[in-house]
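J.: Got a predicted structure plus its sequence, pasted below:
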Amino acid sequence: MWERARERINDRISDPIWWNDVLQLTKTVLAAVAAWVIAASVLDLPQPFLAPWAALLVVHATVYRTFSKGTQQVAATVAAVLLATAVGETLGLTTWAIAVLLTVALVLGAVPWLGAEATTIATTGLVVLTTGFESDVMLISRLLDTAIGVAVGLVVNLVAWPPLRRHTAAKALDRVDDAIGELLADMAGDLGGRGQDEDVEDWIERTRDIDEDLDHAWALVRQAQESARMNPRRSARSMRDPRQWHELLRRMEQAIADTRSLARTIGAHSAEHTLDSDFARPWVEMLGDAGRAAAAADPSALLSVRRRLEAFTEELRTTERSSEWPVYGAMIINLRNIIDAMDEVAAANPILGRPLRIQIPPGPGAAVR
């Protein structure tokens, strides 16, 4: 049990995606606490709650979004403070005042420039209205609180290790190509056994799951590209135009499409016929080898399978033509396309080099390997 738990912990603490989340959480808490300390302890403002509130709104996953999205949220917060003060001085703290405040806040939140910050305006305005609006000093204090929170949030996100999502995106790409390789190897194993209809349906369903992972990888690469904008770190330069990453994603798209096509071809054929052993044995072996090479990111092994496939194709041309040739030709083309798509992916993997693996030591009773 200890070894299983240790393995899960090691996988987690070596995962850059998890570390990005931890770093973002730490920076958000740091910004909010620092804003509170400055507003409450250093400047001794009477109601400093807006300082950590504004800091929480400003700290985003990327520096660019901190400025772009944060600007909208800060504008919404300032608008909420001014709105609550105006409504409070006009109507007091009444039911009608709350109704008017929420109505105007939701209308303002629909303005395109504010980025649909209706909830921010409404909640901030409601808090300001219900906690006091009696004097101009209070209004100035709350605007100062907001300014402190904004400034602290910007400084923390810009200075304290500005987020650059390269490792997160690279990990997502690595997971996709591993999943493609594992699926190909499993298909070869199933075909070597029985290759029944339920196997084909499972293969197709797994390609859909990998498609979802690929969509997530695309989103993370776009986020990594955004994280490089306005980022002062030197390593951010390569991510401002990640053409190589886009090419790898397109290649994996092609591999997934051909894998799904291959599964459907096998399924349609196996409904009425079985693969000829002279074709099936070498082809299934090459399919499994290609899958294992893709999962292991071994471009030389993929190239070896490609050569074997070419030789096998030439050999088939010298044999007597069969009625199953169109099916066999489609299976050969699918496998060739998969290999051609995945060889560049394997050559680029890992795209950022081998990360340092962090591990906790084994327990006292663990076997020494």
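T.: Arrived safely, thanks for sending.

J.: Packing partners of the host helix or strand of residue 331?
T.: Using DSSP states H and E, residue 331 sits in helix 325-348. Packing contacts for helix 325-348, counted by 3 or more Cβ pairs under 8 Å, 6 or more residues apart in numbering; DSSP states H and E, involve helix 166-193, helix 243-270, helix 277-295, helix 299-317. For every residue, glycine as well, the C-beta is placed using N, CA and C.

J.: where does residue 97 land on pLDDT?
T.: Confidence at residue 97, expressed as pLDDT, is 86.

J.: And for the one 3 residues further on?
T.: You'll see residue 100 listed with a pLDDT of 87.

J.: The host helix or strand of it: how far from the chain's middle?
T.: Secondary structure assignment for residue 100, by DSSP H and E: helix 95-109. Relative to its parent chain, helix 95-109 has a centroid offset of 37 Å by Cα atoms, centre = their mean, to the nearest Å.

J.: who touches it?
T.: Helix 95-109 is touched from outside by 76, 79-80, 83-84, 87-88, 90-91, 114, 116-122, 125-126, 129, with contacts defined as Cβ atoms under 8 Å, 6 or more residues apart in numbering.

J.: Among those residues, which are located in strands?
T.: With strands taken from DSSP state E, there is no overlap with these.

J.: how about the helices and strands packed on helix 325-348 in TSV, adding mean pLDDT, mean neighbour count and distance to residue 109?
T.: Putting the helices and strands packed on helix 325-348 into TSV (pLDDT from 0 to 100; neighbours: other Cβ atoms under 10 Å; distance: least, Cβ to Cβ, whole Å) gives the following:
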stretch	mean pLDDT	mean neighbour count	distance to residue 109
helix 166-193	84	21	31
helix 243-270	86	19	35
helix 277-295	88	20	48
helix 299-317	90	15	52
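
J.: Dump the ones you listed to CSV, plus distance to residue 330.
T.: As requested, the helices and strands packed on helix 325-348 are arranged in CSV below (distance: least, Cβ to Cβ, whole Å):
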stretch, distance to residue 330
helix 166-193, 15
helix 243-270, 5
helix 277-295, 12
helix 299-317, 13
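
J.: residues in contact with the residue nearest to residue 209 when sequence neighbours are not counted?
T.: Counting by Cβ to Cβ, 6 or more residues apart in numbering, residue 209 lies nearest to residue 179, which is 7.7 Å off, once chain neighbours are set aside. By Cβ under 8 Å, 6+ apart, the contact list for residue 179 reads 206, 209-210, 213.

J.: Apply 10 Å and report the result again.
T.: Residue 179 sits next to 206-207, 209-210, 213-214, 252, 256, 294-295 when contact means Cβ atoms under 10 Å, 6 or more residues apart in numbering.

J.: again with residue 121
T.: 73, 75-81, 83-84, 101-102, 104-109, 111, 114.

J.: and if you look at residue 87?
T.: By Cβ under 10 Å, 6+ apart, the neighbours of residue 87 are 93-94, 96-102, 104-105, 125, 128-129, 133.

J.: Closest one of the residues you listed to residue 318?
T.: Using Cβ to Cβ, residue 105 is the member of the contacts of residue 87 that lies nearest residue 318, at 78.5 Å.

J.: Check what pLDDT the closest one gets.
T.: 82.

J.: quick revisit: quickly name whichever of the contacts of residue 179 is closest to residue 281.
T.: residue 294 (21.0 Å).

J.: still on that earlier bit, distance to residue 150 added to the contacts of residue 179, as CSV?
T.: Converted to CSV, these look like this (distance: Cβ to Cβ, whole Å):
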residue, distance to residue 150
206, 47
207, 46
209, 42
210, 42
213, 37
214, 37
252, 41
256, 44
294, 48
295, 47
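
J.: so which strand or helix has residue 56?
T.: Going by DSSP H and E, residue 56 is in helix 50-58.

J.: what's that helix packed up against?
T.: When contacts are defined as 3 or more Cβ pairs under 10 Å, 6 or more residues apart in numbering; DSSP states H and E, helix 50-58 packs onto helix 16-36, helix 63-91, helix 118-131, helix 136-159.
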